[in-house]
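>>> Kindly generate the corresponding structure for this input.
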Amino acid sequence: MPIAEPMRRYLPLLVLPLLILSGCRPDDDPPNAFGAVPSARQLAWHQLHYYAFIHFGPNTFTDLEWGHGDERPEVFNPGSFDARQWARTFRDAGMEGIIITAKHHDGFALWPSEYSTHTVRESAWRDGSGDVLRELSDACREYGLKFGVYVSPWDRNHPKYGTDEYNDVFKSMLGEVLSDYGDVFEVWFDGANGEGPNGKKQVYDFPGFADVVRRLQPQAVIFSDGGPDIRWIGNENGYADTTNWSTVRAGAFYPGIPDVNDQLQHGHRDGDTWLPGEADVSIRPGWFYHRAEDDKVKSVAALAEIWFRSVGMNANLLLNIPVDPRGLVHQNDSTRLMEFREWRDNAFTEDLARGSLVVASNVRAGNQRFDASNLIDDDPESYWATDDGVNNASFDLTLSEPAAVNAILLQEYIALGQRVDSVTISVERMGTMTPVAFGTTIGNRRIVRFPRVETRRVKVELAARAPLVLSNVSLYDIPPTDG
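Residues are numbered from 1 along each chain as shown. The predicted structure follows:
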């Protein structure tokens, strides 16, 4: 029986509430978030790639890696100290920030803390009136770098360490660091826990430490084995792994947790908490400066492999450059950083995917808003998405003319979660699509490498745990390194 015209007019108004009540969603709506998703501060951190770690303190002058806390403060005396040289070097190297060891395990503070007598105030440097954090934070602002701090809870010098009072002492010292030097983008907590001068260990109040950070620097991310914002990647080689989930099971990790390196490296596929990995490694064998290591600076080839295994595997790279006893970045390290910058510029400046034709096997509701062309529009907030229930799909890149390629960069729109389980890359050879590489997770960034081939068409096949949501694809012909 035909629907009367007045009834036809009101039918959409009757159907819409039923759709809402039944939980149905029109396919041309954005996909639902899937699983754990990043916070605003985590999303801001994900936009970074690469920043400097600086280990600097009494160990720089005593030739140690872990000081004992009994060194005389006067030993700290960098006669040519120049934080602007550090910042200028790292900016020119393409880095985005600096994290400094404000206090290492020996307890020596690089600022004149009111809560310790083992600080730059007691040193010979600047006649006791110097403040490394002040000069470095100022230099970071001058050169457009983010400023971060490593503050070790372990203190082999402080007389209160190992007592109930020490946690409050540490919170007070942390409060100084986070109140007096401007914006801090990352606070790095080491889980090391050894004996203090009284022979006792400390039970750390990490929740209380985090509360201080949240109160004084609410936009800063907190690093430790257990986060709460970013996790250690499980090794000091700078390597994430082929499978790297940004999600973990709540409560699975905590600062200083032993013997879970493999889990830290891979995350948890079924994780309910967003806790992405940061990969840390030193440009030399040691973390602090040692003259005997001046000729042991990592090669461009080694740094390139670290880049692929960190930034290219859903992690950020924290590269340590130990400042020397003069208070300067050593020429050998500086030269290598610039060589590495030149290699990256040559490798990633020309994106061969730009200007290509992108066609997907499925586009959400056939809506241009979710079209595969969003993958190459240089807009991180646009994305290709598939229909609800379509977890396996593919897209083809057809170049305007044949080109040599050997790597592809893929990025999920992680504001809606991490989804992809596997990736297959195929290229056209003599009219036939041939698989050349396979991968697992993507997350924020994944670089998949394969043997160099000249082609005009590249196919990407994806299997995921939910409808696909990808924001970017790039194609590169990455040059070899010189070793």
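
>>> Helices of the stretch 151-300 of the chain, start to end?
In the stretch 151-300 of the chain, helices defined by DSSP state H, counting those that start in this stretch lie at 166-179, 206-216, 261-266, 300-309, listed in chain order.

>>> Which one, of those helices, ends up nearest to I283?
Among the helices of the stretch 151-300 of the chain, helix 300-309 comes nearest to I283, with 7.6 Å by CB to CB. Placement of C-beta: from N, CA and C, glycine included.

>>> what comes into contact with the closest one?
50, 237-241, 279, 281, 283, 298, 317, 319, 336, 339-340, 343-344, 347, 447, 449, 481-483 (CB atoms under 8 Å, 6 or more residues apart in numbering).

>>> got the buried residues for that helix?
Within helix 300-309, the residues that qualify as buried are V300, A302, L303, A304, E305, I306, W307, F308, R309, counting by 16 or more other CB atoms under 10 Å.

>>> any idea how far F450 lies from D477?
Between F450 and D477 the computed distance is 11 Å (CB to CB, to the nearest Å).

>>> list residues touching both of the two?
The contact sets of F450 and D477 overlap at N406, A407 (CB under 8 Å, 6+ apart).

>>> who touches N235 in this structure?
N261, Q265.

>>> cutoff 10 Å now
D241, N261, D262, L264, Q265, A279, D280, V281 (CB atoms under 10 Å, 6 or more residues apart in numbering).

>>> Kindly report the same for K160.
Y115, S116, Y166, N167, D168, V169, F170, G196, P197, N198, Q202.

>>> Are any of these buried, and if so which?
Buried, going by 16+ other CB under 10 Å: Y115, S116, Y166, N167, V169, F170, G196, P197, Q202, out of the contacts of K160.

>>> The residue nearest the centre of the chain and Q47: what is the separation?
Nearest residue to the geometric centre of the chain (CA atoms, centre = their mean): N316, 2.5 Å. Distance of N316 to Q47, computed by CB to CB: 10 Å.

>>> Please enumerate the shared neighbours of those two.
E96, N444.

>>> Considering the buried residues of helix 300-309, which is situated nearest to H104?
Taking CB to CB as the measure, H104 lies nearest I306 of the buried residues of helix 300-309, at 23.3 Å.

>>> what's the weakest-modelled helix or strand in the chain?
helix 5-22 (a mean of 44; mean pLDDT, DSSP states H and E).

>>> next SSE after it?
helix 40-46 (DSSP states H and E).

>>> State the paired neighbours of the very next helix or strand once past that following helix in the sheet, together with their directions.
Sequence-wise, the next helix or strand downstream of helix 40-46 (DSSP H and E) is strand 50-54. With DSSP bridges as the test, strand 50-54 is paired with strand 97-103 (parallel), strand 315-320 (parallel).

>>> tell me the mean pLDDT over strand 50-54?
The pLDDT scores in strand 50-54 average 98.

>>> try stretch 110-121
98.

>>> Show the end-to-end separation of it, please.
End-to-end distance of stretch 110-121 (CA to CA, to the nearest Å): 9 Å.

>>> Can you give me the buried ones in that stretch?
Result for stretch 110-121 [16+ other CB under 10 Å]: buried residues L110, W111, P112, S113, Y115, S116, H118, T119, V120, R121.

>>> For the residue nearest to the centre of the chain, give its distance to L275.
Distance from N316 to L275, by CB to CB: 13 Å.

>>> For these two, list the residues in contact with both.
I230.

>>> what's the most distant pair in the buried residues of helix 300-309?
V300 and R309 (14.8 Å).

>>> Count the neighbours of G130 for me.
Residues within reach of G130, counting by other CB atoms under 10 Å, total 22.

>>> Which pLDDT value goes with it?
98.

>>> residues in contact with the residue nearest to it when sequence neighbours are not counted?
In space, and not counting its chain neighbours, G130 is closest to V120: 5.1 Å by CB to CB, 6 or more residues apart in numbering. Counting by CB under 10 Å, 6+ apart, V120 makes contact with 57, 73, 76-77, 108-113, 126, 128-134.

>>> Just confirm A347 is within a strand.
No. Secondary structure of A347 (DSSP: H, G, I helix; E, B strand; the rest coil): helix, not part of a strand.

>>> domains of this protein?
Per the record, the chain has its domains at 40-348, 357-476, by automatic domain parsing.

>>> Turn those domains into CSV, columns for distance to D29.
Listed next are the domains of the chain as CSV, based on distance: least, CB to CB, whole Å:
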stretch, distance to D29
domain 40-348, 21
domain 357-476, 8
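
>>> right, and the helix or strand after the longest strand along the chain?
If you go by DSSP state E, the chain has its longest strand at strand 392-412. Per DSSP H and E, the first helix or strand lying C-terminal to strand 392-412 is strand 420-429.

>>> so that following strand versus strand 392-412, what angle?
For strand 420-429 against strand 392-412, the angle by axes from the mean of the first three to the mean of the last three CA atoms, to 10 degrees is 100 degrees.

>>> For whatever helix or strand comes next after strand 420-429, which outside residues touch it?
Next helix or strand after strand 420-429 toward the C-terminus (DSSP H and E): strand 432-439. Residues from elsewhere that reach strand 432-439 (CB under 10 Å, 6+ apart): 242-243, 313, 396, 405-408, 410, 420-429, 446-453, 455, 457-462.

>>> Average pLDDT for strand 432-439, rounded please.
The average pLDDT for strand 432-439 rounds to 96.
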